[in-house]
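> Coordinates for the following, if possible.
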Amino acid sequence: MRLQTRLVATFILLLLGVVMIVGIVVVGSSRSVLLGPIDEELVLVQSGITDKLLKSDDLLKRFTVTDDPNLPPVKSAQAIVIVDISERVVSAQSSGFTDDPDPLPGIEFFADLVARGGIATIPSEDGTLNYRAFGWVNDEGEIGVLAVPIGEVDAAVDGIVRTFLLTAAVVALLGGIATWWAVRRELRPVDQMVDTAIAIAGGDLTQRVHDVDSSTELGRLGTALNEMLVQIEDAITQEKAAKERLTNFIADASHELRTPIAAVLGYSELYRNGALLEKKDIDNAMRRIGTETSRMERLVADLLLLARLDQPQAMVPVPVNLAAVVRDAVTDSQAIDPDHPITVIGSDSVRVIGDEQRLTQVVANLLANARVHTPKGTQVTVTLREEDSRVILDVVDDGPGLPEKDADKLFERFYRIDSSRSRSSGGAGLGLAIVAAIVAAHDGTIEAANQEGHGARVTLTLPAGV
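Numbers count the residues shown, from 1 in each chain. Model (predicted):
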């Protein structure tokens, strides 16, 4: 059974229970109120019956209605019956009209009525009428009963009962409709959550619970569910992206290692087969083997560095004067290649929180990238500044700039602008990927674009230190 149906049924049963309790109380109270005057009259009559009266026929004469056919019908308000010890009627006077008397009280209840000694309700002989009555026993052992019919009281009480039954039916119907509407309205977010969960189970992670009201418990649940779904979708998306990056990473790493390995194996095979006869050929083969081995060593070192940077807490952050790091990197770059003049603009003290060695590697790689991809004599400008608790480092060159299609992929692993993969214009394509990984580990950002009036511009942003 659905939750909505259970709630509606429970509320209807509760309403019916309340109406039933109220009805029982009202019916009981109404019956007591209606029987009150009758019982008071019977109490007065009962107290007026004396021993003398019990021994004579005056009692019967007192309540007997004259049955004269020449007179119009007369109504008696009470019935009196006297029976002997064999429960045979000695004398009786019916209540009601003389031409249409009421059935006498049931004789089989007389003994119990006397035993009670008070006023009680007994049925008539045929069970069609109830009486309020009291009984007594005279000296001869005869039992006398005085009874007042309460048909009108029973009719009134039956009318009240019918009214309450009708009211209960109407209340149950209207209450059920109102409850169904309210429950359906309030549980609409639950239906949406169920539909959303079914859709998500089917693989659609974009589904969300809509029309949530954060002021209600279900609304807050829907909001929390949406937030959880966002996190799950992000986690799955990140996992897919990570798997894709890993696949590409393995493919590219295999490609980069295949060439030097093939070269080493080739020279080794030539030497083993005796194809290298001259000393100069052997020396050249050994030199090439050493060069390719060094290349593989650098590639493996870069791969290990990237793997470490992908792990949490890859670095221990300390206060670092980034301006000093930039100055040292610029000095080293000009010593390596004096043909690329470098200008530094900015304060002498700009502090960040980070790993000084890794930050030095970042600046050195950016300057090396500018040297490799620009002609000799190209001006390079390094600008360092602080804005809104952020440190911004710009490396701008006056070279030919970046192809538009390469700007967004520049920091991907193994990506090189030179599609021929020649070694003359760079290494394995990991330098800028390492830079991006180090920046990300410092909670920073990096982007590349073309500077209007200049060449390429790489902008690095880091949180400012204390």
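
> Which stretches in the stretch 1-150 of the chain count as helices?
3-48, 51-54, 58-63, 110-116 (DSSP state H, counting those that start in this stretch).

> How about the stretch 351-466 of the chain?
Using DSSP H, counting those that start in this stretch, the helices of the stretch 351-466 of the chain run over 356-372, 431-441.

> any chance of those helices in JSON lines, with mean pLDDT too?
Shown next, in JSON lines, are the helices of the stretch 351-466 of the chain (pLDDT from 0 to 100):
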{"stretch": "helix 356-372", "mean pLDDT": "87"}
{"stretch": "helix 431-441", "mean pLDDT": "82"}
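
> To Val22, which of the ones you listed lies closest?
helix 431-441 (71.5 Å; C-beta to C-beta). Heads up, the C-betas are built off the backbone N, CA and C, glycines and all.

> Please save the CA atoms from the closest one in CSV.
C-alpha atoms of helix 431-441 as CSV (Å, rounded to 0.1, in the frame of the first residue of the first chain):
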residue,chain,number,x,y,z
GLY,A,431,57.1,20.9,-19.1
LEU,A,432,53.9,23.0,-19.1
ALA,A,433,51.9,20.0,-17.7
ILE,A,434,54.2,19.9,-14.7
VAL,A,435,53.8,23.7,-14.4
ALA,A,436,50.0,23.3,-14.4
ALA,A,437,50.1,20.5,-11.8
ILE,A,438,52.4,22.5,-9.5
VAL,A,439,50.1,25.6,-9.8
ALA,A,440,47.0,23.5,-9.0
ALA,A,441,48.8,22.0,-6.0
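
> Would you mind putting the helices of the stretch 351-466 of the chain into JSON lines with distance to Pro101 and mean neighbour count alongside?
Converted to JSON lines, the helices of the stretch 351-466 of the chain look like this (distance: least, C-beta to C-beta, whole Å; neighbours: other C-beta atoms under 10 Å):
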{"stretch": "helix 356-372", "distance to Pro101": "118", "mean neighbour count": "21"}
{"stretch": "helix 431-441", "distance to Pro101": "109", "mean neighbour count": "22"}
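
> Would you format these as CSV with distance to Pro400 included?
Shown next, in CSV, are those (distance: least, C-beta to C-beta, whole Å):
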stretch, distance to Pro400
helix 356-372, 12
helix 431-441, 17
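
> Glu41 against Ile150, yeah?
No. Under the criterion of C-beta atoms under 8 Å, Glu41 is not in contact with Ile150, lying 11.9 Å apart.

> With neighbour numbers in mind, choose between those two.
Legend: neighbour count by other C-beta atoms under 10 Å for Glu41 and Ile150, higher for Ile150 (20 against 14).

> Enumerate every residue touching the residue nearest to Ser95 when sequence neighbours are not counted.
Among residues not flanking Ser95 along the chain, Ala79 sits closest, at 4.1 Å (C-beta to C-beta, 6 or more residues apart in numbering). By C-beta atoms under 8 Å, 6 or more residues apart in numbering, the contact set of Ala79 is Ala92, Gln93, Ser94, Ser95, Asp102, Leu104, Pro105, Tyr131, Leu146, Ala147, Val148, Pro149.

> Out of these, which is nearest to Val33?
Val148 (16.0 Å).

> That closest one: neighbouring residues, count only.
Quick note: Val148 (other C-beta under 10 Å) scores 20 neighbours.

> Break the protein into its domains for me.
Following automatic domain parsing, one gets these domains for the chain: 3-158, 217-307, 315-463.

> can you name the two of the contacts of Ala79 that are farthest apart?
Pairwise across those, and taking C-beta to C-beta, the largest span is found between Ala92 and Val148, at 15.0 Å.

> Leaving out chain neighbours, which residue sits closest to Leu42?
Distance criterion C-beta to C-beta, 6+ apart; nearest residue to Leu42, sequence neighbours excluded, is Ile119 at 5.2 Å.

> Comparing the domains of the chain, which yields the minimum mean pLDDT?
Here the lowest mean pLDDT among the domains of the chain goes to domain 217-307, at a mean of 78.

> mind checking how far that domain is from the chain centre?
Centroid separation for domain 217-307 versus its chain: 44 Å, with C-alpha atoms, centre = their mean, to the nearest Å.

> re earlier: out of the domains of the chain, which is the most enclosed?
Across these, averaging neighbours per residue (mean count of other C-beta atoms under 10 Å) puts domain 315-463 on top, at a mean of 17.

> centre of the chain versus that one, how much separation?
That offset, for domain 315-463, works out to 47 Å (C-alpha atoms, centre = their mean).

> for stretch 195-211, same thing?
The answer for stretch 195-211 is 13 Å, by C-alpha atoms, centre = their mean.

> buried sites along it?
For stretch 195-211, the neighbour count (16 or more other C-beta atoms under 10 Å) marks Thr196, Ile200, Gln207, Arg208, Val209 as buried.

> How about residues contacting it?
Arg188, Pro189, Gln192, Met193, Gly222, Leu225, Asn226, Leu229, Ile232, Glu233, Ile236.

> Restricted to helices, list those residues.
Arg188, Pro189, Gln192, Met193, Gly222, Leu225, Asn226, Leu229, Ile232, Glu233, Ile236 (DSSP state H).

> can you give me the strands in the stretch 351-466 of the chain?
351-354, 380-387, 390-397, 445-450, 456-463 (DSSP state E, counting those that start in this stretch).

> Between strand 445-450 and the third one, find me the angle.
For strand 390-397 against strand 445-450, the angle between stretch directions is 30 degrees (axes from the mean of the first three to the mean of the last three C-alpha atoms, to 10 degrees).

> Now do the end-to-end distance for stretch 114-125.
Start-to-end span of stretch 114-125 (C-alpha to C-alpha, to the nearest Å) is 17 Å.

> Name the residues that touch it?
Stretch 114-125 has contacts (C-beta under 8 Å, 6+ apart) with 39, 42-43, 46, 102-107, 109, 113, 129-137, 143, 147, 150.

> next one: stretch 329-344
So stretch 329-344 is contacted by 326-327, 360, 363-364, 367-368, 370-371, 374, 376-382, 384 (C-beta under 8 Å, 6+ apart).

> now with 7 Å?
With contact meaning C-beta atoms under 7 Å, 6 or more residues apart in numbering, stretch 329-344 is reached by 326-327, 360, 363-364, 367, 370-371, 376-382.

> what does stretch 391-403 give?
322, 350, 352, 366-367, 370, 373-375, 378-385, 417, 448, 450-451, 454-462, 464.

> Repeat the analysis, applying 8 Å as the threshold.
Residues outside stretch 391-403 that contact it (C-beta under 8 Å, 6+ apart): 322, 326, 350, 352, 363, 366-367, 370, 373-375, 378-386, 410, 417, 448-451, 454-465.

> And stretch 173-189, by the same measure?
Taking C-beta under 8 Å, 6+ apart as the rule, stretch 173-189 contacts 3-4, 7-8, 11-12, 15, 209, 211-213, 216, 218-219, 221-222.

> Can you mark which positions in that stretch are buried?
Neighbour counts using 16+ other C-beta under 10 Å place Gly175, Thr179, Trp180, Val183, Leu187, Pro189 of stretch 173-189 among the buried residues.

> Can you lay out those residues as CSV showing distance to Phe164 and pLDDT?
CSV is the format used below for the buried residues of stretch 173-189 (distance: C-beta to C-beta, whole Å; pLDDT from 0 to 100):
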residue, distance to Phe164, pLDDT
Gly175, 15, 86
Thr179, 21, 86
Trp180, 24, 86
Val183, 26, 80
Leu187, 32, 73
Pro189, 38, 73
